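Visitor: Sequence and predicted structure below; questions after.
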Amino acid sequence: MTPDPILHIQSLGVTAGPRPLLRGVSLAVPEGSVFGLIGPSGVGKSTLLKCCNRLVDLTPALRVTGTLLFRGAPVFDRRLDVDALRTRIGILFQQPAVFPCSVLANVLFGARPLARVPRRELPALAEHALREAALWHEVKDRLDQPATRLSVGQQQRLCLARTLATDPEVILMDEPTSALDPQATEAIEHLILRLRGRRTVMLVTHNRAQARRVCDAVARFAVVDGAGTVVETGPAGTVTADAPETGG
Amino acid sequence: MRRKSVHRLFVVATGLCAVAAVALLVLIVWSIASRGWAALSWSFFTGHMREVGADGGIFHNLIGTLILLATAAATSTPLALAIALVHGVYLRHHRLRRFVGLGLTILNGVPSILFGLFGMIVFVQWLGWGKSWLTGGLLLGLMILPTVSVSLIERIASLPDRYLEAAAGLGLPTSRIIRSVILPQSLGGLLTGSLLGLARAAGETAPIMFTATIFAGATIPQGIKESPVLSLPYHIFVLAQDSFDPAAGGRLWGAALVLLGLVLTLSLAALPARLRLHEEAHDT
Amino acid sequence: MAMEHRRGRVSLIKAASWAFTLLAAGAVVAMVGLFVWQSRPVWRHAGWGFLSGREWFYRQEIFGAAPMIYGTLVVAAVALGLAAPIGIGAALFTSEFLPRRLRIPVKVSLELLAGVPSVVYGLLGILLLRGWVYDLLEPWEPLSGDTLLTAGLLLAVMILPTVMTLTEDALRGVPAAQRLAARGLGLTATEVVLRVSLPQAAPGILAAVLLSLGRALGEMIAVFLVVGRQDNQWPSPLLTLRPLTEAGQTLASKLGGAETNIAYGDPLHWSAMVGLALVLLALVTSLTLLGARLRRSDHAP
C-alpha cells in the first residue's frame, strides 16, 4: 500500500465485563475511501465505530485492548484530547438525534463551541455545511424553525450537516439509512458518493446492495468463538458476492 | 484549552455541591449518634419515662409510635389500593386519570400541620374524641396516601399489557384479573410505598401534636375517646423546647437516635426497589 | 349459580374501590371546605385587612397576617437561595458526571437525608445551628440565635434532597441519544450539560424548585423550634436584611403554637387561626399546581 491508512486498526479487542464483543480486529482504512462494515447484527460493528472516536468511553464497563491509530497516532492514548478527536472523526447514528432548537442552531451545535471561525461567519459556515449535505434548498427559508419539524430523512441530512460543519476528516456512519424510506436512503447514498475522495467514510450497513453501490472496500464481520471479528476484507464487489446472506 | 478549564471548573463546582449534600447526612447522623449512643441500653427501650424524661426509658413512646404507624398503614392500604385500581383499571378516560394524579400531587404537598388542624376540628372537637391514637393514625394514613398510591399506580402501570390481555383473552372477568394478576404483581409496590410513607409518618409531629399524642402519662390505649399515646417525635419536640437540662440531654439524644434509626431503617428497606426503578429509567 | 357468584364479586371489588376513592377525595375536599367555611368570621371581621394587617392582638380582636406571611416568605427565600444552587449543582454532578457505581451511594445518602424527621432537624437546629448563627451575627448584636436566618438555613438543609431528587428526575427526561450525539460532535461533558441537558430539563428543574419552595413554606416543627416565634415583626424599610437577624413568626409556626389550643373557644379567634391555615394552603397548593404543570409540559414531547 502506497499511502499510510488514515485509520489503522491492529488486533483490537473489546470486552464487556467477562463477555468478549470483538476480538483480533485488524483493518486499514485508506484516506478518502468509503469503507463498509457488513455482517449480522450483534457482531460488534457499531462498537468498532464507537472505538474510532472513543465514544466507547461513555459506555461503562467496556474494555478495549490492541491499537487503533489515527494518522499514525494512537487513539487510546491517555493524554489525547478526546473532544478534539471527536471533531476530527464525526459520527452519524441510525436514528437522527436532532436537538430541540432551530435548524440553524442544530447545524452549528458542534461548530459554535469550537470557535474556529468568528461569530459573523457562522451563518456562512452553516450554509456551506447545509449545501454539502444537500439540504440547503429545502431549509434555507426556515432556518429559524424547530429542527424537529423536519422529516426523518431531512433530520438525518441535518445531522450530517452538523458533523460536516466541524470539518471532520473521517465520518463514521452507523446504519444511517435503516430508519429511512427508499427516497431518503437514495439521497444519503448519493451524499456518501459525493463525500468520497474529500473525506473518509466508515459505513456500517446491513444492506449488501448498498455496500456494493457506495463502498470502495468492505470488511465482513462474523462471530468466531463467541466474539465478533473480521473474516474477510476486499473490494466491495468481491467480498459481498461470496458472502452468505446476512439478514437485513 | 479554555474549554477544558471550563469543564474542570464546572466538575469541581458541582462536585463540591454533591460532597456537601453527602457530608450533611454524615454530619447529621454523627451529631445524633455520638450524643445518643451512651443512652442506649436494654432498659432504655423497656423502661418507663421518669422525671420528665431525665430518667427512665422510652418504652411507651416507642409503643405509641408503633400504634400510630400500624393505624396509618391500616388506613392508607385500602384507600391506596382502591385509588390505584380506580386509576389503573376502572378509569378508562385519560383526562380523569390525570385528575386523580393531580389530586394526589396536591395532597402530597399539603403541609403536615394542616392535617393536624383538620383532625382537631373533625375528630377532637366535632366527634368529641379528645386526643386519640385513632385520630393520629387516620391523619398520618391520609398524609402518606399519595406516597403509597403513587408507588402502587406506577407498579400497576409497569405490568406488561400482555398479562392483562392474556387474562382477558381467557375470558376472565375484571375482578378475577385484579385478584389473580394485578394484585399479586403489585404487592411489591404497595410494600415499597408503605415503607416510604411510614418512614415519613414515623417522624411527623405536626399532625399528631394537637390530636393524638401527649408528653407524659399515657400507656397502651384502651378505647378510642380520650385515649392519647406517647410518641417519639412529640417527646423530642417537647424536651427540645425546654432545652437543655444536661440530665435530660443524654436521654433526649438517645430518643432522637432511636427515631432516626427507625426512620432510616424504613427508608433503607424501601430502597432496593426504588433504586432499581431509577436505574431502569436511566437506561432507557 | 357460578355466574351469579362471579357477578357479585365484580361489583364488590369495583364498588369498594370507588367507595374508598371517593372517601379519600371527600376527605381532601372536606379539609379545604372546612378551612374556607371556618375562616369566614375573620374575613367578615377584617376583610382583606386580614392579609395586609401588620398587627395581631387577639385579645383586642386585631388580626393581621402580614408579618407571618412576610416571615414565611423570607425564611423560604433564604432556604431556596441556598438549596436551589447547591441541590441543582449536586444533581448535575451525580447524574451527568458521576460513574454509575458511585452514583448509587450518593443516591442512597440522598434518600436517607430526605427521610430525616423534621423534629431531628429542629433538635440539631437548637443545639448546633442556633449557636453558630449567634456567633455569625455577633456584629449586629442579635438578641438570640433564634432568627429568621436560622430557620432559613435549617430549611435549606431540609429541602436540599427534594431539590436534588426532582432535578435528577428532570435530567433523566433528557434522551441519552442527544447526549451521545453532542459528545460525538466533540462537545465537552460540561458543554453537553449547559447546551443540551440544562435547556431541555429547565421546566422540570423550575418545577423542582417550586415544589421545594412549597415544602419550605409549610414546614412547621423545625422552623418552630428556631424561629423565635415573635409576633408582629414588620420590617421598616420593607426591603432590608435586618429582620434576618431577628426573631419572627411564620404561618406554620404560628399554627403550631399553643395559641391554636387557646383559640378554639372563641369563634373569631379560631377563624383567624383557620384563616392562616387557608392562606398557607392556598400558597402551597398554587405552587404545587404550577410545579405539576411544568413537570407535565416537560414530559409531553
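Guide: Perfect, thanks for sending it.
Visitor: Point out where the stretch 51-200 of chain C drops to low pLDDT.
Guide: Scanning the stretch 51-200 of chain C for pLDDT under 70 picks out nothing.
Visitor: Would you map the strands across it?
Guide: Per DSSP state E, counting those that start in this stretch, the stretch 51-200 of chain C carries strands over the ranges C:56-57, C:62-63.
Visitor: can you check the stretch 51-200 of chain B too?
Guide: Assigned by DSSP E, counting those that start in this stretch, the stretch 51-200 of chain B shows strands spanning B:55-56.
Visitor: Ignoring the adjacent residues along the chain, who's closest to the residue in it positioned nearest to chain C?
Guide: Residue nearest to chain C within the stretch 51-200 of chain B (Cβ to the nearest Cβ): B:P111, separated by 2.6 Å. In short, each C-beta sits where N, CA and C put it, glycine included. Leaving aside its chain neighbours, B:P111 sits nearest to C:G218 (2.6 Å; criterion: Cβ to Cβ, 6 or more residues apart in numbering or on different chains).
Visitor: returning to what we had before: out of the strands of the stretch 51-200 of chain C, which comes closest to C:A208?
Guide: Among those, the nearest to C:A208 by Cβ to Cβ is strand C:56-57 (33.8 Å).
Visitor: from the chain's centre, how far out does the closest one sit?
Guide: Distance of strand C:56-57 from its chain centroid, counting by Cα atoms, centre = their mean, to the nearest Å, is 26 Å.
Visitor: Partner strands of that strand and their direction?
Guide: Using DSSP bridges, strand C:56-57 pairs in its sheet with strand C:62-63 (antiparallel).
Visitor: who's in contact with the partner strand?
Guide: The contact list for strand C:62-63 (Cβ atoms under 8 Å, 6 or more residues apart in numbering or on different chains) reads C:V42, C:H45, C:A46, C:F50, C:G53, C:E55, C:W56, C:L268, C:H269, C:A272, C:G275.
Visitor: What is the nearest of these to A:A219?
Guide: Among the contacts of strand C:62-63, and counting by Cβ to Cβ, the member closest to A:A219 is C:G275, at 77.9 Å.
Visitor: So the closest one sits against C:R44, correct?
Guide: No - taking contacts as Cβ atoms under 8 Å, C:G275 lies outside contact range of C:R44: 10.8 Å.
Visitor: Chain C contacts on chain A?
Guide: A:53, A:55, A:58, A:60, A:83-87, A:90-91, A:93, A:95, A:97, A:99-101, A:109-110, A:113-114, A:159, A:162-163, A:166 (Cβ under 8 Å from any Cβ of the partner chain).
Visitor: contacts with chain B among the residues you listed, please.
Guide: Okay, of the residues of chain A next to chain C touching chain B (Cβ under 8 Å from any Cβ), that's A:D83, A:P113.
Visitor: pLDDT score for the spatially most central residue of chain C?
Guide: The residue lying closest to the centre of chain C (Cα atoms, centre = their mean) is C:R215, at 1.4 Å. Note on C:R215: pLDDT of 93.
Visitor: I figured it was touching C:I159, is that so?
Guide: Yes - with contact defined as Cβ under 8 Å, C:R215 reaches C:I159; the gap is 5.4 Å.
Visitor: In chain A, what residue comes closest to chain B?
Guide: For chain A, Cβ to the nearest Cβ, closest residue to chain B: A:P113, 6.6 Å.
Visitor: Any idea how many residues pack against that residue?
Guide: By other Cβ atoms under 10 Å in any protein chain shown, the residues close to A:P113 number 22.
Visitor: Quickly find the element holding it.
Guide: helix A:111-114 (DSSP states H and E).
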